Structure formats: structure tokens, C-alpha cells
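Asker: I would like to see how this sequence folds:
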Amino acid sequence: MYIALWAIAGFAVGSVPWAVWLVRALSNGDVRSVGDRNPGSANAWKAAGWRLGLLVFVLDVAKGAVPVYLASELSGVDGWGMMLVGIAPVAGHAFSPLLRFKGGKALATSVGTWAGVTLGPGFLVIFACLGIGQAFQRTHVWSVMLASAGIVAYVSIWSPEPWLYALWAANTAIIMYKHRAELRRSIEPRSWVRRVVRRA
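Answerer: Predicted coordinates:
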């Protein structure tokens, strides 16, 4: 029963569209009218400046981290129960009923979930992989896929539990679905990588 309640709470928290609400309230704009029209922190940044973008990012990360942490600390949820609680805010963000089930791409909320599940290191793994990916190539979605690979590699070393692999698989499936259009794009190496390859 506790697991179901925490999963429902996580989905509800995840579904809160901070980017849409805050951009509308503080700049009278629509985050879905800029960039790739995704209701997330990157477009909040573009629509209303870096401060608001950063605030939305922190709130979206918290949507994943807080339910996971509280479920663990207050109710002792772990294992397969934590898999359900962990994926709930990601699903809520990606398929928010408050946006007619057309939510964001769930990257920041995924960061929060893995930060909560791993008590911190997952956050660092994701950002290290995103940084490496962006340093070598320009196609953002492939940096996201590298981050996903980084998480499953970390899980394999840190705690190769079946429920963690299931959480990773479900999370990656949602991320890939939300990025399905971008996944058709090929990797575009940075100019410095092209120069190195030409000289090799």
C-alpha cells in the first residue's frame, strides 16, 4: 500500500509543469513556443532567461529526487518497490495529465530519480557523460544516450540488482520515446574532432 501511495504521489509531483507555469507567470510567455517546444528547463532558459531556466531545472530535478528519497527514508521502500516509485515522477513529467499527456522529455527528472536512488553519484555520472558527449559532438540526443549508458555501467559496478536494471530500462524507454524524432539524426562530431581524425 505504501509503495502504491508513493508511486501515485511521485507521478503527481512529476506531472507538475513548472516550466509552463513559471514562464507564463513571470514573463507572460509560453515555453512551448521556443526552441524544440519542449516544456522543460532548456526552453524556459531561452524563453525567460538563465535564472528562470535554472530554477525550473532545480525544480524538475527535485520532482525525481524528493519522492524517491522520502519513500526510502519515511517508509523504507526499496527493491522493486523503489523501481515503481523511481519511474513514477519520470512518467509523470513525460506524460503530464496537466498538459494533456504531452509533457517534457524527462531528462532533468531522470537526473533527480537517479540522484535519489544512488544518494548522489548518479547525478555526477549523468552530468559527466553529458559533458563528455557534448565535448565530442553536437547532437544532444546522443549525449543523452551516452548518459544512459553511463548509468547502466555505474549500476553494473555499484549494485547490479535486477530492479535497478529494470528502472534503467524503463527510464531509457521513456527517454528514447520522448527523443524519438532526434534519434533519427546522426552524430555530428565537433570541428576539433574532425581535425584530429584528418591528421591521424
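Asker: how many neighbours does the nearest residue to residue 164 once chain neighbours are set aside have?
Answerer: Setting aside the residues directly before and after it, residue 164 is nearest to residue 155 in space (CB to CB, 6 or more residues apart in numbering), at 4.7 Å. The way it works is simple: take the backbone N, C-alpha and C, and place the C-beta from them, glycine included. Around residue 155 there are 20 other residues, counting by other CB atoms under 10 Å.
Asker: need the longest helix for this protein.
Answerer: The longest helix of the chain (DSSP state H) is helix 50-75.
Asker: which strands or helices does that helix pack on?
Answerer: helix 2-14, helix 18-27, helix 41-48, helix 79-94, helix 107-118 (3 or more CB pairs under 8 Å, 6 or more residues apart in numbering; DSSP states H and E).
Asker: may I see the buried residues of stretch 64-76?
Answerer: Buried residues in stretch 64-76, counted by 16 or more other CB atoms under 10 Å: 64, 65, 66, 67, 68, 69, 70, 71, 72.
Asker: contacts for it, please.
Answerer: 2-3, 6, 9-10, 13-14, 77-78, 81-82, 85-86, 88-90, 93, 108-117 (CB atoms under 8 Å, 6 or more residues apart in numbering).
Asker: same deal with stretch 24-37?
Answerer: 19-20, 23, 38-40, 42-44, 46-49, 52.
Asker: can you list those residues in a markdown table and add distance to residue 131, neighbour count and pLDDT?
Answerer: What follows is the contacts of stretch 24-37, written out as a markdown table (distance: CB to CB, whole Å; neighbours: other CB atoms under 10 Å; pLDDT from 0 to 100):
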| residue | distance to residue 131 | neighbour count | pLDDT |
| --- | --- | --- | --- |
| 19 | 23 | 32 | 95 |
| 20 | 28 | 22 | 95 |
| 23 | 26 | 28 | 94 |
| 38 | 21 | 21 | 90 |
| 39 | 24 | 24 | 92 |
| 40 | 18 | 28 | 91 |
| 42 | 15 | 21 | 91 |
| 43 | 21 | 24 | 92 |
| 44 | 21 | 32 | 93 |
| 46 | 20 | 17 | 91 |
| 47 | 24 | 23 | 90 |
| 48 | 25 | 23 | 89 |
| 49 | 23 | 13 | 90 |
| 52 | 23 | 22 | 94 |
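Asker: just give the closest residue to the most centrally placed residue in the chain, not the sequence neighbours.
Answerer: By CA atoms, centre = their mean, the mean C-alpha position of the chain lies nearest to residue 107, the distance being 1.9 Å. With CB to CB, 6+ apart as the criterion, residue 107 has its nearest non-adjacent residue at 6.3 Å, and that residue is residue 144.
Asker: partner residues bridging residue 137?
Answerer: residue 189 (DSSP bridges).
Asker: compute the number of surrounding residues for it.
Answerer: 17.
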